[in-house]
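Visitor: need a structure here:
(chains A and B)
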2 protein chains.
Amino acid sequence: MPRSPLDRGRLGAGDRAALARAISIVENDEPGARELLRSLFPATGRGYRIGVTGPPGAGKSTITNRLAQYFRGRDQTVGIIAVDPTSPFSGGALLGDRVRMADVETDPGVFIRSMASRGSLGGLSRKAVEAADVLDAAGKDIILMETVGVGQSELDIAGAADTTVVVLVPESGDSIQAMKAGLMEIADFFVMNKSDRAGAEQAMTAIQMILHFRAGAAWNPTVVSSVASTGEGIPAIAGLIDAHRAHLESTGGLARRRRAMLERRVGELIDESLRGGFWTPERRAMMEGRMDAVMEHRASPYEVAEDLIVHFQSR
Amino acid sequence: MPRSPLDRGRLGAGDRAALARAISIVENDEPGARELLRSLFPATGRGYRIGVTGPPGAGKSTITNRLAQYFRGRDQTVGIIAVDPTSPFSGGALLGDRVRMADVETDPGVFIRSMASRGSLGGLSRKAVEAADVLDAAGKDIILMETVGVGQSELDIAGAADTTVVVLVPESGDSIQAMKAGLMEIADFFVMNKSDRAGAEQAMTAIQMILHFRAGAAWNPTVVSSVASTGEGIPAIAGLIDAHRAHLESTGGLARRRRAMLERRVGELIDESLRGGFWTPERRAMMEGRMDAVMEHRASPYEVAEDLIVHFQSR
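Guide: From the prediction side, this is the model:
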């Protein structure tokens, strides 16, 4: 791969510096990012991607860490992408790698990367998936993708996994809030974390009742309890991941999921390309020249958009 | 307006059936939606838009309702757009209009609409803003836009308001979670709701300390406490909204915000139009014909996207 900005051999050999550099190139959209991803693509598809999502404070990071340790105990290598929408104060992921690393930093078989959103215009989910591709090409057996599970971009990231785990806590209303947030749609199973807290059993029952209405599909989501801070429930979570993976592999569901994901990816790349081709300096100036009229309601955004499209089509 | 599918006169006169119908046309992208919005656009810009956002369970709906009552007490008319990501079980907003309406349903000066996301492909924020346009054109003085405040689409909706209020609760970790979720960036001020709960004062202090680091701008966000269930703090929230509005109006900030919003709108309309022009049945078939090769990693999504773009450009 002489034209790749990185030595793919080093990446494949698990070189941490090469891996960190490759993810930075992708995250920052540096020159060569596209060529890098293209050169890595043939080496992807072997790693298994697990999305860990749920409301803020549910314990997603702890569960992700514990799962990483568990998979390491089976001698699987692990990559983690933690998506942390950014604060304006830190300019990066707030808690970030430092807190997270405490448990696993000494393990060369785990690679962790926090990604920040920096108010990105929808590019977040693409970059997170591309970073997962880098980890996959670097030979990680398991790729954990952790995101806060409320909001479309975040659900898109979790939905781009092979198995998606939704983490909840027993606080009243949490299960109904989960439904409101669209988490039910993407969950392959649920974890009721902090299950030593009051109300855990009722919350489990509530979710089971809701899931009961959905039963009858090839795979019926279930709910398992955990106390991630002590490690309780982690083997059960890993067991459900394994079971779901086996189900997908035996039914052809894995191929169908991945195909749909790759089709979405093509669509996103085309969106970007179209946008890049459209917004020449000339057309940007044309739009800005019309904005006074729009502000005074003499022209509508609809007219301005249509006029620009006509200009684009007649180029 | 003979070509508009709705009688704009009836809409302007506050006809509830006409208003409900117009929002449905927009929400469902029915034929004529674009023409309707275009015909209404000259009548927009008078209503003041307030975003109410925050984590699930913070009490956003209660605050929104109470604010609506408060503004009604000043004889202002009110429209509410509540964005509720959909559950697959209900097929619509889960709690929806019924629960919410209890307080205000008898008031003809308040119009409430719950919008569901139905797993939309990023169209949610556009439709919510368009629904606000309809309310604006119908003469509502105040338009409240309520969304769960975690996730990019949801932040986009809140960010499309003139004043954005972020609602938090005293639960430990909430303030740092708010920063992680990007809420700090869009907040014009904070409400610490359920401030009768334990930990409220510490949480207020934590936010104030964080805000202190940001002080020095033309408008410095602050934090106010409330117990929305009893109405405590609602006048203070309304007072801060008024103060922020006066600030924006006196500094030209309102025009700048609205201009940026309208530019984003033009960009979204162009995205949609480009996408619509690109995905002909022929090109969709071309993509599908390549997906086997992608699944076998003989071709990458990058190559497929580029080939389709070349085909588009050579049309």
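
Visitor: quick one: average pLDDT of the particular helix or strand that has residue A:209 in it?
Guide: For residue A:209, the host element (DSSP states H and E) is helix A:200-212. Averaged over helix A:200-212, pLDDT sits at 84.

Visitor: that helix vs chain B: in contact?
Guide: Yes: using CB under 8 Å from any CB of the partner chain, helix A:200-212 reaches chain B at residue A:210. All C-beta spots, glycine's among them, are computed from the backbone N, C-alpha and C.

Visitor: pull out the buried residues from that helix.
Guide: Of all the residues in helix A:200-212, those buried under the rule 16 or more other CB atoms under 10 Å in any protein chain shown are A:200, A:203, A:204, A:206, A:207, A:210, A:211.

Visitor: how about the nearest residue to residue A:44, chain neighbours excluded?
Guide: residue A:136 (4.3 Å; CB to CB, 6 or more residues apart in numbering or on different chains).

Visitor: now the strands for chain A?
Guide: A:48-54, A:78-84, A:110-116, A:142-148, A:163-168, A:189-192, A:223-225 (DSSP state E).

Visitor: tell me what the fifth one is packed against?
Guide: Counting contacts by 3 or more CB pairs under 8 Å, 6 or more residues apart in numbering or on different chains; DSSP states H and E, strand A:163-168 packs against strand A:48-54, helix A:60-73, helix A:174-180, helix A:183-186, strand A:189-192, helix A:234-251.

Visitor: quick one: closest of the ones you listed to residue B:258.
Guide: helix A:174-180 (29.9 Å; CB to CB).

Visitor: can you pull the contacts of the residue most central in space within chain A?
Guide: With distances taken as CA atoms, centre = their mean, the residue of chain A nearest its centroid is residue A:157 (2.9 Å). If a contact means CB atoms under 8 Å, 6 or more residues apart in numbering or on different chains, then residue A:157 has A:51, A:53, A:83, A:124, A:125, A:128, A:129, A:145, A:147 as its contacts.

Visitor: ok, those vs chain B, which is closest?
Guide: For these, the minimum distance to chain B (CB to the nearest CB) is 6.7 Å, reached by residue A:124.

Visitor: number of nearby residues for that closest one?
Guide: 24 (other CB atoms under 10 Å in any protein chain shown).

Visitor: per-residue confidence for it?
Guide: Residue A:124 is given a pLDDT of 72.

Visitor: residue A:303 now?
Guide: For residue A:303, pLDDT reads 95.

Visitor: got the CA coordinates for stretch A:194-211 in PDB?
Guide: Output of stretch A:194-211 as PDB, limited to C-alpha atoms (Å, rounded to 0.1, in the frame of the first residue of the first chain):
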ATOM      1  CA  LYS A 194     -27.500  -0.400  39.200                       C
ATOM      2  CA  SER A 195     -30.000  -3.200  39.800                       C
ATOM      3  CA  ASP A 196     -29.200  -3.000  43.600                       C
ATOM      4  CA  ARG A 197     -31.100   0.300  43.700                       C
ATOM      5  CA  ALA A 198     -34.700   0.600  44.800                       C
ATOM      6  CA  GLY A 199     -37.300  -0.100  42.100                       C
ATOM      7  CA  ALA A 200     -35.000  -2.300  40.000                       C
ATOM      8  CA  GLU A 201     -37.400  -5.300  40.000                       C
ATOM      9  CA  GLN A 202     -40.400  -3.200  39.000                       C
ATOM     10  CA  ALA A 203     -38.400  -1.600  36.200                       C
ATOM     11  CA  MET A 204     -37.300  -5.000  34.900                       C
ATOM     12  CA  THR A 205     -40.900  -6.200  35.000                       C
ATOM     13  CA  ALA A 206     -42.100  -3.100  33.100                       C
ATOM     14  CA  ILE A 207     -39.600  -3.700  30.400                       C
ATOM     15  CA  GLN A 208     -40.400  -7.300  30.200                       C
ATOM     16  CA  MET A 209     -44.100  -6.500  29.800                       C
ATOM     17  CA  ILE A 210     -43.300  -4.100  27.000                       C
ATOM     18  CA  LEU A 211     -41.100  -6.600  25.300                       C
END
